[in-house]
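> Need coordinates for the below:
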Amino acid sequence: MNKNFTSIFPHFSLFVICFCAHLSAFSATWYVNDGATIGDVYCSAVGNNSAGTGSASQPYLTVSYVISNKVLGANDIVYIDAGNYNEGWALNSNADGGTNGSPLTFQGAGVGLTKNIYTSSQGIAIGNGSGSGNSYITFRDVYVETTQNVNTAYVNAGTSNIIFSSCSFKCVASGAAIVFMTASNCSVNSCTISTVYNGIDSYNSSNQIFDGNTITHASAYTAGQNHLGIIIEGTTSFPAPYLADNCRLSSNRISGFNYGFDIQQEGTGNTWVNNFVWACEYGLFCVNSTGSHATNTFKFNSIRSDKDCIYGACLSWTIQNNIFYSTARNCLNFPDNSNDPTTLNYNIYYAPSGYIANRNGSNYSTLAAWKAALSKDANSLSADPLYTSATVLDITVGSPAIGAAGADGTVTDDVRRNPPYVRPTNNKDIGAFQYSNAVLPIELLFFNAARVSGGNSLYWSTASEINNDYFTVERSTDGVHFTNIAVVQGAGTSYAVLNYEILDADATAQMVYYRLKQTDADGSSSYSKIVLIAAQGTSDAVFSLYPNPCDGSAISLFFSLPVKRSACTVVLYDALGQLLFSQIVWLDKGVALPLQFEKQLARGIYFISVQMQQELYTLKFVVE
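Next up, the predicted model:
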């Protein structure tokens, strides 16, 4: 491995110096660790605020110390190692924040490892309510819990572009798990939320994205309360009118609330798509006291509510390709006859103990009567959608939803959203779940490996499992030929996040590759990405390419460092030093990063350089 790029291309030295100077925007990296090293991913020592330097070998003890004593800017990363923390992470100085494309990132070691359980106030607080600072901030892979009557995470006015990704939030007292107050262009994705009150509150904020979250009320709702899964709300004052425009709520799983979704003083351009809502009093509750209704879209959702699946004024809305199952009242409830949706079609209605709809106080017990009253829902159906159960809204074989959706080229995935959970171009299923994907057995969140005392630890998590029989862990010394080393029983069918781990006690000290094979109940199988553990004793960063030689269409980059994730710039050159490819990426320790080339590379020698902070590594590969 050659760290000296200019020794390979001396006549490009000026270009490289300029290029590396440009990459210096990767700024500062700080490490935080609690008072123990158990389960640590990033650090080699316990934290110490007075004697620490913020390095991996001398980390600080608390995140609040870093926030209070450092000016945190674009591309800065704060690595928060495994441990138990009890502190408020309050970013209220306008000097702290990132920029567009270069966020300030707080990176945990995983929601099961980095835990901040704060017993005094809010676990995360961003912004001071004035100014435009504290924007472009990302929190990833942390668990945050509050025990007081406060919000677990609060994003104040004047901020924007705040991201919570792959985090877990728990609110055990009155308060919402996450609140955005006049803070637009924010997102919550792939997070798990448990609360006794509200899940996500978004007030006076536009362009929000809430995607792939599991939001659960800690207990069954009490009728008549106002506990909300996700609310987006505008206002006619504060201090000027704000409307909630262009928000996207997709692939969420919401259960146990009075209102799964709630929208008030709505703006325009909002979309709900591919969501599951069950065990809620109402699915969607829409209140608009201003009378200024807007164009919004509700499609490919699956609801099973105890009262109304949709209640409220939905003038100018498109409501299409949804499953509405009301156990005791109405699938639809429009309080007056002047607020009907613009488009209402290709839905499935089922109300075994209630009505298809109520409009202006009139009940409609049959779909035929409802169609005649509105002259809408021409292609909708009235039938049992055949959900798997009251809490699992996957449709089963024989469901009338299969292949019955109206044409929609904008929805290409389902509630599980990641490929291969794709919807066909034609003959999509109504609702959030595409039945043709039901044979795909698991949604794998990650598969990682780490060298530990006594061997190599292999660990992985699944977001869902369908008829999953077992896993097989396979090992290789060359990345090509694999042998079985362990079989782990699967969970069958589950929609909870499940964690697995085994120890390979027979692993050698040399570089070793692993992959995970999953086998379905019917014998079909699939493989995970290949992960790598570097040779024992390797102190520098380790990069390797596989396969090498390759066919010129793609190659995978393996990375191993004492940190779990790192931001890098990957650059591809040919033998003459011509730049062919450049991209900023996040590399995960031991996880293969596939590099798909836009054009087939011709036969010859190529070089990939990896810029990581102040280090530049270069690897050679051959295309045959």
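> what's the neighbour count on Ala173?
Using other C-beta atoms under 10 Å, Ala173 is surrounded by 13 other residues. In this view, the C-beta of every residue, glycine as well, is placed from N, C-alpha and C.
> whoops, Trp370 was the one
Neighbour tally, Trp370, other C-beta under 10 Å: 24.
> What of Val71?
Neighbourhood size, Val71 [other C-beta under 10 Å]: 10.
> Over to Phe471?
Phe471, neighbours per other C-beta under 10 Å, totals 24.
> same check, this time on Asn270
Neighbours around Asn270, by other C-beta under 10 Å: 23.
> contacting residues around it?
Taking C-beta atoms under 8 Å, 6 or more residues apart in numbering, we find Asn270 in contact with Ile232, Ala244, Asp245, Asn246, Cys247, Arg248, Leu249, Ile263, Ala294, Asn296, Thr297.
> let's see it at 10 Å
For Asn270, the contacting residues are 206, 208, 232, 243-249, 263, 294-298, 317, by C-beta atoms under 10 Å, 6 or more residues apart in numbering.
> Can you turn the buried part of those residues into a ChimeraX selection?
Selection of buried members from the contacts of Asn270 for ChimeraX, criterion 16 or more other C-beta atoms under 10 Å:
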select :206,208,232,243,244,245,246,247,248,249,263,294,296,297,298,317
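> so where is the stretch 301-450 of the chain shaky, pLDDT-wise?
417-420, 436-441 (pLDDT under 70).
> One more: the stretch 451-600 of the chain?
Checking the stretch 451-600 of the chain against pLDDT under 70 turns up 479-480, 529, 534-543, 559-567, 575-578, 587-592.
> redo that, cut-off 50
538-541, 562 (pLDDT under 50).
> which residues in it form strands?
With strands called from DSSP state E, counting those that start in this stretch, the stretch 451-600 of the chain shows them at 455-476, 483-494, 498-504, 512-520, 525-527, 531-533, 542-546, 554-560, 565-574, 579-588, 593-596.
> Give the buried residues for stretch 174-187.
175-187.
> In helices only, show me those residues.
Among the buried residues of stretch 174-187, none falls in helices (DSSP state H).
> How is the chain partitioned into domains?
The chain breaks down into these domains under automatic domain parsing: 5-19+540-623, 268-437, 442-533.
> what's across from Ser609 in the sheet?
With DSSP bridges applied, Ser609 shows beta-bridge pairing to Val571, Thr618.
> count of neighbours near it?
Ser609 has 24 neighbours, counted by other C-beta under 10 Å.
> hey, which of the domains of the chain is tucked in deepest?
Of all the domains of the chain, domain 268-437 has the most neighbours on average by mean count of other C-beta atoms under 10 Å, namely a mean of 20.
> where along this structure do the helices fall?
Per DSSP H, the chain carries helices over the ranges 5-8, 13-22, 63-69, 367-374.
> Could you verify my assumption that Phe581 touches Leu557?
No. Using C-beta atoms under 10 Å, Phe581 is not in contact with Leu557; the gap is 11.9 Å.
> intersection of neighbour lists for the two?
Residues touching both Phe581 and Leu557 (C-beta under 10 Å, 6+ apart): Val570, Leu595, Ile608.
> phi, psi of the closest residue to Gly409 other than its chain neighbours?
The spatially closest residue to Gly409, leaving aside those adjacent along the chain, is Thr425, at 7.4 Å (C-beta to C-beta, 6 or more residues apart in numbering). Backbone dihedrals for Thr425, given as degrees, to the nearest 10, come out at phi -60, psi -40.
> Check the gap between Thr425 and Gly127 for me.
Distance, Thr425 to Gly127, using C-beta to C-beta, to the nearest Å: 44 Å.
> How about Tyr355?
46 Å.
> repeat for Ala244
The gap separating Ala244 from Gly127 is 18 Å, by C-beta to C-beta.
> dump the residue contacts of the residue nearest to the spatial centre of the chain.
Note on the chain: the residue nearest the mean C-alpha position is Ser190, at 2.5 Å, using C-alpha atoms, centre = their mean. Applying C-beta under 10 Å, 6+ apart to Ser190 gives the contacts 140, 164-167, 211-214, 251, 417-418, 445, 463.
> repeat for Ala125
Applying C-beta under 10 Å, 6+ apart, the residues contacting Ala125 are 88-92, 134, 150-151, 153-156, 179.
> Throw the residues you listed into a markdown table and include pLDDT and distance to Val411, thanks.
Formatted as a markdown table, the contacts of Ala125 follow (pLDDT from 0 to 100; distance: C-beta to C-beta, whole Å):
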| residue | pLDDT | distance to Val411 |
| --- | --- | --- |
| Gly88 | 94 | 40 |
| Trp89 | 96 | 36 |
| Ala90 | 94 | 39 |
| Leu91 | 93 | 36 |
| Asn92 | 85 | 40 |
| Asn134 | 86 | 34 |
| Val150 | 89 | 38 |
| Asn151 | 93 | 32 |
| Ala153 | 96 | 30 |
| Tyr154 | 95 | 33 |
| Val155 | 95 | 29 |
| Asn156 | 92 | 34 |
| Val179 | 96 | 29 |
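> Which ones among these lie within strands?
Among the contacts of Ala125, the members found in strands (DSSP state E) are Trp89, Ala90, Leu91, Ala153, Tyr154, Val155, Val179.
> what's across from the second one in the sheet?
When you say that, I think you mean Ala90. Ala125.
> And for the last one?
Note on Val179: beta-bridge partners by DSSP bridges are Tyr154, Asp201.
> For it, which residues are in contact?
Counted by C-beta under 10 Å, 6+ apart, Val179 has contacts 122, 125, 150-156, 198, 200-203, 205, 231.
> how near is it to Val150?
Applying C-beta to C-beta, the value for Val179 to Val150 is 10 Å.
> what about the strands in the stretch 301-450 of the chain?
Here the stretch 301-450 of the chain has its strands, by DSSP E, counting those that start in this stretch, at 302-305, 310-312, 318-320, 323-326, 330-334, 343-345, 348-350, 355-359, 362-364, 381-382, 442-452.
> Turn those into a markdown table, including distance to Ala45.
Supplementary listing: the strands of the stretch 301-450 of the chain in a markdown table, determined by distance: least, C-beta to C-beta, whole Å:
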| stretch | distance to Ala45 |
| --- | --- |
| strand 302-305 | 49 |
| strand 310-312 | 55 |
| strand 318-320 | 57 |
| strand 323-326 | 54 |
| strand 330-334 | 59 |
| strand 343-345 | 61 |
| strand 348-350 | 58 |
| strand 355-359 | 64 |
| strand 362-364 | 69 |
| strand 381-382 | 63 |
| strand 442-452 | 17 |
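> out of those, nearest to Val497?
strand 442-452 (7.2 Å; C-beta to C-beta).
> Contact partners for Asp76?
25-30, 66, 70, 96-98, 102-106, 137.
> no wait, Tyr154
90, 121-127, 175-176, 178-181, 183, 201.
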